[in-house]
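Peer 1: Whatever this is, show me its structure:
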Amino acid sequence: MDWNKTKSIFIGVFLILNIFLYSQYLKAYSEAQKVQPLGQNDIEERLKEEGITYAGLPNNIEKAPYISAKVKTYSLDELPTNNNQQYQLISDSELVVTFKEPIKLISTKQPTTLKDFVRQYVYEGTSFELWEINEELRTATFSQRFNEYTLYYNKYSKNGYVKIHWNANGEVFMYEQSMLEKVEVIEQQKVILSPLQILRVLYTKNLLKTDSHIASMRLGYSTLMQLTQTQVFTPTWEVRVRTAEGEEEQYFVNAIQGKVIEFKPDIEEVVEE
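Peer 2: Numbers count the residues shown, from 1 in each chain. Next up is the predicted model:
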């Protein structure tokens, strides 16, 4: 191994990262100056006036680090032998598994059923958490986890996900997968915005509707930048809101910069009749 070359690459990657993070800080600071600041008491009062309720917001997470992960390169030799599964590598990092005999699901609407299927039949299935069920497209998407945190899948970086497909009879006939590995902390703990500060961000951007309820808030990670086969993740608050009409809305906010992140799974759909 050429150590000098390796060291130069390593230094170059982190120089790029530091420049990028600093530019993001300047951008976030500039945007923050355009928003009329609201103190904690002010935002609590504003939410109360709008009939926006919440309960049990997380109060035990004050700091979190940036992390990095590498895109996993698959090898057919490492995949478990299974007579009912046919493996296909679309690329070094994209795996498609087809079931010769489709697996019948008890229910396609129950999260527990889908989670059990992934744990039992999907490669490294215990590393993934249910993200979205789409009954119309007959798919369920799962995001990879790091410790207790979800690495939120997004259209800008199609890695760290499992997507299962079922037919009109509720039988899973295939799944797609891309994984991340070698997750590492790349910077010391950063002070993150509190749940109330995140609600203040959403409120000032008119994203919280009158008489809605904050159903849940949890901390995860979303892609900040991608360097070839390495991804850098930033702490991200996931906020689920239930509107007065009973609909659920979902928002993601960078926990350090306070920037609202817009992303949605964007994988080509496969439908079997």
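
Peer 1: what's the next secondary structure element after the longest strand along the chain?
Peer 2: Here the longest strand in the chain is taken by residue count, with DSSP state E as the criterion, and it is strand 213-227. Scanning forward in sequence from strand 213-227 by DSSP states H and E, the next helix or strand is strand 230-242.

Peer 1: Could you pull out the helices in this structure for me?
Peer 2: 3-33, 40-49, 111-121, 195-204 (DSSP state H).

Peer 1: remind me which residues of the stretch 51-200 of the chain are low pLDDT?
Peer 2: Counting by pLDDT under 70, the stretch 51-200 of the chain contains low-confidence ranges at 153-157.

Peer 1: weakest of the helices of the chain by average pLDDT?
Peer 2: Of all the helices of the chain, mean pLDDT reaches its minimum on helix 3-33 (a mean of 55).

Peer 1: At the geometric centre of the protein, which residue sits there?
Peer 2: Geometric centre of the chain, nearest residue: Tyr152, 0.5 Å, by Cα atoms, centre = their mean.

Peer 1: what's the spacing between it and Thr126?
Peer 2: Tyr152 sits 18 Å away from Thr126, going by Cβ to Cβ, to the nearest Å. Every residue, glycine included, has its C-beta placed from N, CA and C.

Peer 1: next one: Thr150
Peer 2: Distance from Thr150 to Thr126, by Cβ to Cβ: 14 Å.

Peer 1: These two: who's more crowded?
Peer 2: More crowded of Thr150 and Thr126, by other Cβ atoms under 10 Å: Thr150, with 22 against 11.

Peer 1: Double-check that one against Gly220; I have them as touching.
Peer 2: Yes. Contact status for Thr150 versus Gly220: in contact at 3.9 Å, counting by Cβ atoms under 8 Å.
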